[in-house]
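> Quick one, what's the 3D model for this:
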Amino acid sequence: MRVTTAFSRLLRLSGVWVRDVQFEPDRVVVEVALCRRRLICPECGYATVARKDTRPQHSVWRHLDLGVWRLEVHCRRRRLWCPVHGARTEQVPFARAGSQFTRDFEGLVAWLATRTDKSTIRRMLRIDWDTVGRIIERVCEQELDGDRLEDLYDIGVDEVSWKRQHNYLTLVACHQRRQIVWGCEGKGQAAADRFFEELNQRPGERALGCCPPPAIMTPCGPGASVPIDAGAQDASLLESKDTGPQVFARASRLRAVSMDMTGGYAKSVRTNAPQATICIDPYHVVALANQALDEVRRSYWNELRSLGDQNAAKRFKDARWSLLKKPEKLTDTQAATLSRLKAAGGEVWRAYELKEAVRGIFQAGLDLDDVTVLIDRLLSRLSRSRLTPFVKLGKTIRKHRDGILAAIRLGINQGRTEALNNKVRLITRRAYGFHSAKAVLALVLLTCGPITLHLPHELHAHETG
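Sure, this is the predicted structure:
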């Protein structure tokens, strides 16, 4: 068997044939030629048989290492004249446009990036630190499903911090798919408005940079205009005097949106998807109750210190976790501390009872009617507690009462979204060195999004099968 035939079977590069193989001290150089006659524009896919000229030098791509040797693929490419993009060098089937690495090499880098840190990848594959980030962005951009925003019904919106807690990403997760389908830099209403803006665009509109088509308005009064052909088919207006304009867009298909109690996301949902039910996660309600209890505890601790009773203040400081933890998870020492606090009574114990009352509302086994009665009783109790943090908590719960009950009625919460966010935090801590939100989002979508990564041998085995 000739060496060119052996390398042709070994490399498994589609659309080329191996012309020559050269063995150098630190690398193997494989020269290939394209099998096709037509030239294809790498930007838009325009094909033609007319050649403008040929590049004076070889194009070089890094392929998977051959043992301890670097393996490079060389190819003399032709140039064409695209009516849209002008003079361009033809596209090759084994590499992405603008890349100096083959698809197999980039697939390996992307797979490793979802499981280890960039320093390990840099040392293992002998590439630059920044190159890892560029490969991640390129793979995510081209492998991300363009229809991922189709058929969204129940979603969760939340923010996650990165880069030393001073920057935020807004992530949108689909409850049915259990994946993150969209993300952007920033948080609050502006970030949510960007999601709805992209959600209501026609597929491919953003990618191609097209101008938005003319909008249509229904004759039902003022309201937001929506692009033609961007929404659900056969939509009809409800027979009601209060009916506003029908939203002919994908946002009109949303049934429920789960979130925490930050105001920006809810305001954006009410504006862009008024038919969607806002669901407030009960977990965040309990978390606010814990914060209110901790404020009362700190206030009492500071009072003990100001009175000069340092020993009592020190003993009380150790009672924090006895108050915040669930009673069934207390250690023997913490349970004894809680018993002493109960015997002492006072504001701290009243705050603890209010915290447990909030937590008890969301226990398993209670139906919607039970929770409705309990939450109304709790609001009355909080308003009469004379504890400033809990009075404030009561006002917050009253404001979001409908959203809390909707989450219980529909069984939708932020549990899955928070689980994905914890995974995102782990990724951002492990992949230290990212300086742009685009690179972080690319890695997040590769790990938690609708992208299925395959190792090179798995991909070729699938193609063979």
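> Break the protein down into its structural domains.
If you go by automatic domain parsing, the domain ranges for the chain are 3-144, 154-207+247-281+414-448, 282-410.
> tell me the most buried of these?
Mean neighbour count (mean count of other C-beta atoms under 10 Å) peaks for domain 154-207+247-281+414-448 among these, with a mean of 19. Using the backbone N, CA and C atoms, a C-beta is placed for each residue, glycine as well.
> that older thread, and the domains of the chain: which comes nearest H460?
When the domains of the chain are compared by C-beta to C-beta, domain 3-144 sits nearest H460, at 5.3 Å.
> got a list of what T447 touches?
By C-beta atoms under 8 Å, 6 or more residues apart in numbering, the contact set of T447 is 114, 423-424, 427.
> Among those, which pair sits farthest apart?
Pairwise distances across the contacts of T447 peak at 11.9 Å for T114 and V424 (criterion: C-beta to C-beta).
> For the stretch 201-350 of the chain, just list every one of the strands.
Listed in chain order, the strands of the stretch 201-350 of the chain (DSSP state E, counting those that start in this stretch) span 215-216, 226-227, 256-259, 277-280.
> In terms of mean pLDDT, which of those ranks lowest?
Per-stretch mean pLDDT for those is lowest at strand 215-216 (a mean of 36).
> Can you give me the distance of L10 to A287?
Here L10 is placed at a distance of 57 Å from A287 (C-beta to C-beta, to the nearest Å).
> Need the residues that contact stretch 39-52.
So stretch 39-52 is contacted by 37-38, 78-85, 87-91, 97-98 (C-beta under 8 Å, 6+ apart).
> Take those residues and keep only those in strands.
Under the assignment DSSP state E, these contribute 78-82, 87-89 to strands.
> mind putting those in CSV, distance to R27 and pLDDT included?
Shown next, in CSV, are those (distance: C-beta to C-beta, whole Å; pLDDT from 0 to 100):
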residue, distance to R27, pLDDT
R78, 25, 92
R79, 27, 93
L80, 30, 93
W81, 34, 93
C82, 33, 94
A87, 31, 93
R88, 28, 92
T89, 23, 93
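> Just name the closest of the residues you listed to L144, please.
R88 (23.6 Å).
> Who is that closest one paired with across the strands?
Under DSSP bridges, the beta-bridge partners of R88 are L80.
> need the contact list for it.
By C-beta under 8 Å, 6+ apart, the residues touching R88 are 41-43, 79-82.
> Assumed L171 was part of a helix.
No: L171: not assigned to a helix; according to DSSP: H, G, I helix; E, B strand; the rest coil it is strand.
> tell me which helix or strand of the chain sits lowest on mean pLDDT?
Scoring the helices and strands of the chain by mean pLDDT, DSSP states H and E places strand 215-216 at the bottom, with a mean of 36.
> Switch the contacts of R88 over to JSON lines; also include distance to A343.
Below are the contacts of R88 laid out as JSON lines (distance: C-beta to C-beta, whole Å):
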{"residue": "C41", "distance to A343": "81"}
{"residue": "P42", "distance to A343": "77"}
{"residue": "E43", "distance to A343": "76"}
{"residue": "R79", "distance to A343": "87"}
{"residue": "L80", "distance to A343": "87"}
{"residue": "W81", "distance to A343": "89"}
{"residue": "C82", "distance to A343": "83"}
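> and of these, the nearest to P456?
Distance to P456 across those (C-beta to C-beta) is lowest for P42, with 22.0 Å.
> Can you give the contact residues for stretch 425-445?
Residues outside stretch 425-445 that contact it (C-beta under 8 Å, 6+ apart): 113-114, 116-118, 129, 133, 136-137, 139-141, 144, 160-163, 167, 169, 171, 180, 183-185, 424, 447, 451.
> Cross those against strands and list the overlap.
Among the contacts of stretch 425-445, the members found in strands (DSSP E) are 160-162, 167, 169, 171, 180, 183-185.
> and the two most separated of those?
Spatial extent of these (C-beta to C-beta) is set by the pair N167 and I180 at 17.3 Å.
> still on that earlier bit, so which of the ones in strands among the contacts of stretch 39-52 comes closest to W69?
Nearest to W69 among the ones in strands among the contacts of stretch 39-52, with distances taken as C-beta to C-beta, is T89, at 27.2 Å.
> wait, the closest one sits on R55?
Yes: under the criterion of C-beta atoms under 8 Å, T89 makes contact with R55 at 6.2 Å.
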